[in-house]
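Undergrad: Could you look at this predicted model? Sequence included:
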Amino acid sequence: MNNDYGLFINYEYCTGCHTCEVACKKVHDLPEGQYGIVLCEDGPRKNINGKWELTYMPLPTHLCDFCADRVKEGRLPSCVHHCQSGIMVYDTLENLAKLAKDHPRSVIFNTQE
Amino acid sequence: MELFEKKFDPELYKTDFHWKEGDYDVYRSCHWSAPGCHDSCGLLLYVKDGKLERVEGDPNQPYNRGRLCMRCLNLPEACNELWDRLKYPVKRAGERGENKWERISWDEAYDIIVDNVKRIQKEWGPEAICGMIGTGRNVCWQNPLICYAGFGSPNMSFGFLSGDCCMVPRTSLAFCVCGDLPVVDASQFNEERWDHPEYKYPDVVLIWGNDVIKSNGDGFLGHWIVDMMTQNGTKLIVVDPDLTWLASRAEVWIQPRPGVDSAIALAMTNLIIQEDLYDHDFVDKWCYGFDELKERVKDWTCEKAAEIAWCDAEDIRKAARLFAAAKPGALQWGLTTDMRVNGISEAHCLMSLNAICGNVDAAGGNYLAREVYNMNLAYLCGYFENLDVDIRAKRLGNDISPMHQFGLSSTAASDVVLQAIECGEPYPVKMLWFQGCNSIANMAAEAPRVYDAIKKTEFNVVVDYCITPTAVACADVVLPCAMSPERNQLRTWWTPLRQSTRVVEYYESKTDEQIILELGSRLNPSAWCDDKGNPLKTDIDLLNVRLKEGGVPEDFAGLQQMVYDWPDQPYRRYEDGKLRPDGNPGFNTPTGMIELYCTTLEAFGNDPLPHYEEPPESPISTPKRFEEYPIVLTTGHRSFEFFHSEHRNQTTMREFHPNPRVRIHPETAAKYGIEDGQWVWIENQRGRCRQIAWVTEAMKPDCASAEHGWWFPETEGAEPNLFGVFDSNINNLTSMMVVGETGYGAPYKGLLCKIYPCTEENSKVMPSEQVTRLGGWDYDRVEKLAMGGYKYE
């Protein structure tokens, strides 16, 4: 794995559709109860400012290898390829840091050992 | 432009139809059914040693641009590892309900069916045979065609969906008011998609009662709404009793009591007129009856609507102003509008609201969607060509209302089919052909009553990929159908024209096209020939007939090489005569305008203007019942994991969603001693079912939202359990026969119920046993069809 790479997620637009979780399970052939990325949910809760909080965030687990085999072949990590909202980016940490600047409610995951 | 461009390697993701990649054959295809879906996304099928090993989203299909949902990603499991997938045709070995089957050959299966069809045709007439279909399956022309050109019957019906309340009410109303069906324009009508030079993103999308990112209704990929948000900053208004993710991101969220949305639509329309926010130019040129509409809605203040709908008047005002200011705005409507007795009028309210804001047939507004190449791969496929006027007149429900009588219905009316089975009026129905339809698990209202009915008919066939509860209950023969990657098929709903190709096979399963062709050719050979009178031999021959009929330039082999065919679809077709058969400018209505005052409804003797009607069972209509059943219930809460009653037999989908859930607010839960995660009984005077309480602040207090489509294929199939089909079946609580004045629309959303925790004591007899062994529940059935204004008590 190239150690300079990471996974960026603009979670403001994550709809919680489970595509990343299933894309990952299928490509890594993970059995029931095993995940390379897990969808976390916060809310629904009415905030003190009157707005609603309902936020989804996919969290890569220790099984995530950024789809090293796929990336070597020239493919995107399967979650990035299939993400229905198109809010995941796999790139160098340097580029992702720049991207994060322009996109509020985003995170960068560096899952390497 | 996408928010973040996905960079796909063109060496790996080719634009060819087929290529080799190591040990794999790779095909570019699209998914449709089975399993069912309202979409048809582009797929790459990776096949090795005759087995579908992997699926990826096709980056070169502009419809979905590489993305896929969890259900398509699980297609290899659906094909190869589905629980108890049916491998061979079978016939019933024991009694109906015993779930005992004997393997037979296709020839024997066809012989049994042909013998019974001929016998019933002779004894009762061909109209005694009725086809049964489920939504979003690619049997929407195959099932009708075998009915019309095989059985000689005019009866193809929606599987006991009361009031035929899935898209058809909205479609029929939309045809009366503007001649076409409006669907949100997410640039899906042109291949350039968002980059099409004339395309404009909507400023605002008004999402009315549907969680479109899960439901994808009307051939619309729900995440296109998210694209609009990320690519353009499109704002949302959401009307929903439940906080969907889209509602959480909306500028305005209106949270109504289920079933009363038309009150809100009338108030919004009134405010837009009173504050002079409507599109004068469009209204003057293209709308008929504006003054009458203005007069009709004038008393509908936001306060009045808010009082009826238990919501905030200020939210309605904000929504109306925001929507009227949008240039363009778009209306994302859906099934909810159909699922009420006044569905037709609610659709009219929404059509009018959208029309006076000038959004119809505008880029980024609501496009008037037609099947690609104006093809006819839908419920009327072969209807006029194969049935003479006398037999067409016998279609069940044709005489119940002028809307049915004058050709705005395309199916036999579900409630009338039930009546025909139950009491032989207007004539008996003796055979049911279920193709892509699992009635008692899914759409049949008052499911225990429908269960009784389907057990009564003389001969029934189910075509499906597994033994369903419907098959156990009533089938005499079950035919195994192919999954999508095992099937040559067409998708014409709406654009582009797409193909899917049989790249793998599964034991003796056949495609729906093969089945109807082989059976049809035995029953009525002359109807299954090409235009030169030569018998059609293969499924592809049959598809080529359809393509030729539609004037499509290529045949199926040609389409495979193209993968898809996306003819240009122009905007503002009403300006230059592209909507009307006579070529005159205008909409395809008697006045050529969008009829706010609808002359067709007037001629039918229906209210020509939109109006409000309280649901037949509600806190206001039935206050005494409300004392006993104090929770307003809506049904059919959607999930990413399932398409209606499908996907319950896929390990991965059940891993994510093991059990049915009913959503209730914490205050409501506390009132009735309910804890999150606990099994609860949902009950009204017709029956009860159990689901798991999902206690969430998102749900409107004093209301509940339950899931539909549940059966438990992991449990015993034989009665009394019957795959547990009645245990969690929310249609134990719904009604047949109580429909709108046109015969369309039924109250699946907006009922009354009570909810209480399950205990050992109150769970001794499960509903499946109650229904299959103990005669169901005692209650007053509405025996005969009641159209409009039915009053309980």
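TA: Nice, thanks for sending it over. Numbers count the residues shown, from 1 in each chain, chains lettered A, B, ... in the order given.
Undergrad: Let me see the ranges of the helices in chain A.
TA: A:19-28, A:68-73, A:78-82, A:93-102 (DSSP state H).
Undergrad: Next: the stretch 601-750 of chain B.
TA: B:623-628, B:651-656, B:666-671 (DSSP state H, counting those that start in this stretch).
Undergrad: returning to that earlier point: among the helices of chain A, which comes closest to residue B:784?
TA: Taking C-beta to C-beta, helix A:19-28 is the member of those nearest to residue B:784, at 47.4 Å. (C-beta placed from N, C-alpha, C; glycine too.)
Undergrad: So is the closest one next to chain B?
TA: Yes - using C-beta under 8 Å from any C-beta of the partner chain, helix A:19-28 reaches chain B at A:19, A:21, A:22, A:23, A:25, A:26, A:27.
Undergrad: Let me have those residues in TSV, extended by pLDDT.
TA: Converted to TSV, these look like this (pLDDT from 0 to 100):
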residue	pLDDT
A:19	98
A:21	98
A:22	98
A:23	98
A:25	98
A:26	98
A:27	97
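Undergrad: Buried ones among those residues?
TA: For the residues of helix A:19-28 next to chain B, a neighbour count by 16 or more other C-beta atoms under 10 Å in any protein chain shown gives the buried set as A:19, A:21, A:22, A:23, A:25, A:26, A:27.
Undergrad: Pull the contacting residues for the first one.
TA: Shown here is residue A:19, whose contacts under the criterion C-beta atoms under 8 Å, 6 or more residues apart in numbering or on different chains are A:79, A:82, A:83, A:84, B:67, B:68, B:69, B:70, B:73.
Undergrad: ok, it to residue B:477 distance?
TA: 38 Å (C-beta to C-beta, to the nearest Å).
Undergrad: just to revisit the earlier point, point out the most buried one among the helices of the stretch 601-750 of chain B.
TA: helix B:651-656 (a mean of 19; mean count of other C-beta atoms under 10 Å in any protein chain shown).
Undergrad: same for that helix, what does it pack against?
TA: Packing partners of helix B:651-656 (3 or more C-beta pairs under 8 Å, 6 or more residues apart in numbering or on different chains; DSSP states H and E): helix A:19-28, helix B:70-73.
Undergrad: what about the last one, near chain A?
TA: Just to be clear, that refers to helix B:70-73. Yes - remark: helix B:70-73 sits within contact range of chain A at B:70, B:73, by C-beta under 8 Å from any C-beta.
Undergrad: so for stretch B:157-166, what's the average pLDDT?
TA: Taken as a whole, stretch B:157-166 carries a mean pLDDT of 97.
Undergrad: So residue B:25 lies in a strand, does it not?
TA: Yes - assignment of residue B:25 by DSSP: H, G, I helix; E, B strand; the rest coil places it within a strand.
Undergrad: Name whatever forms a beta bridge with it.
TA: Taking DSSP bridges, one finds residue B:20, residue B:47 as the beta-bridge partners of residue B:25.
Undergrad: can you redo the helices of the stretch 601-750 of chain B as CSV with mean pLDDT?
TA: Converted to CSV, those look like this (pLDDT from 0 to 100):
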stretch, mean pLDDT
helix B:623-628, 98
helix B:651-656, 98
helix B:666-671, 98
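Undergrad: closest one to residue B:536 among these?
TA: That would be helix B:651-656 among these, by C-beta to C-beta, at 36.6 Å.
Undergrad: Relative to residue B:417, which of the helices of chain A is closest?
TA: helix A:19-28 (38.3 Å).
Undergrad: OK, now which residue of the stretch 201-350 of chain B is nearest to chain A?
TA: Nearest to chain A, among the residues of the stretch 201-350 of chain B, is residue B:248, at 3.7 Å (C-beta to the nearest C-beta).
Undergrad: Which residue lies closest in space to that residue, excluding its sequence neighbours?
TA: Nearest residue to residue B:248 in three dimensions, chain neighbours excluded: residue A:54, at 3.7 Å (C-beta to C-beta, 6 or more residues apart in numbering or on different chains).
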